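Asks: Got a sequence here, can you model it:
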Amino acid sequence: MVIEERIYNLDPGVPTQDFLKVYAEKGLPSQRRILGGFLGYFTTEFGVQNQVTHMWAFTDLEERRRRRAALAADPDWQECVAIVRPMIIAWENKIMYPTDFSPIRNLPVTCDDPYTAFDFSPDAQ
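Replies: Have a look, this model is predicted:
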């Protein structure tokens with residue numbers, strides 16, 4: 001399994017909520033349908049501002065390549081890209097491999113390891 005992390009730094013003149021609204025309505029449906037393996041989408045509170053990060057899981061790099069090619073060919077995705085790409089001033093992609101002790105190691109993601117986010121309870125001691 002591989003995890004792709006994509007980080008977008010948005011133009012400071014673009015409210016993050018404007019980017020997220022367009023993405024949620026136009027981009028995410030295509031990505032979920034074509035890429036699968038959606039792990040999450042995040043904004044920053046501290047550190048670099050106007051930054052969004054999203055993560056996707058794939059069985060391997062070939063599956064990622066195949067799914068990304070299908071996404072690039074999708075007209076709905078291209079409509080979203082035409083709107084959001086001008087809002088992005090820089091982006092970074094990482095491919096990460098889980099360690100042997102990571103609670104996320106395989107697809108589909110399942111985990112019964114205690115003391116992880118999958119088992120988190122704010123009231124636990």
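
Asks: who's in contact with stretch 56-66?
Replies: The contact list for stretch 56-66, computed with CB atoms under 8 Å, 6 or more residues apart in numbering, reads 1-4, 6, 31, 35, 37-39, 67, 95, 104, 107, 109. No exception for glycine: its C-beta is placed from N, CA and C like everyone else's.

Asks: List just the nearest of these to Asp76.
Replies: Gln31 (9.7 Å; CB to CB).

Asks: count of residues packed around the closest one?
Replies: 22 (other CB atoms under 10 Å).

Asks: Disregarding flanking residues, what is the spatial nearest neighbour of it?
Replies: With CB to CB, 6 or more residues apart in numbering as the criterion, Gln31 has its nearest non-adjacent residue at 6.5 Å, and that residue is Leu71.

Asks: Going by neighbour count, which residues of the host helix or strand of the one you found are buried?
Replies: For Leu71, the element it lies in under DSSP states H and E is helix 61-72. Buried residues in helix 61-72, counted by 16 or more other CB atoms under 10 Å: 63-64, 67-68, 71.
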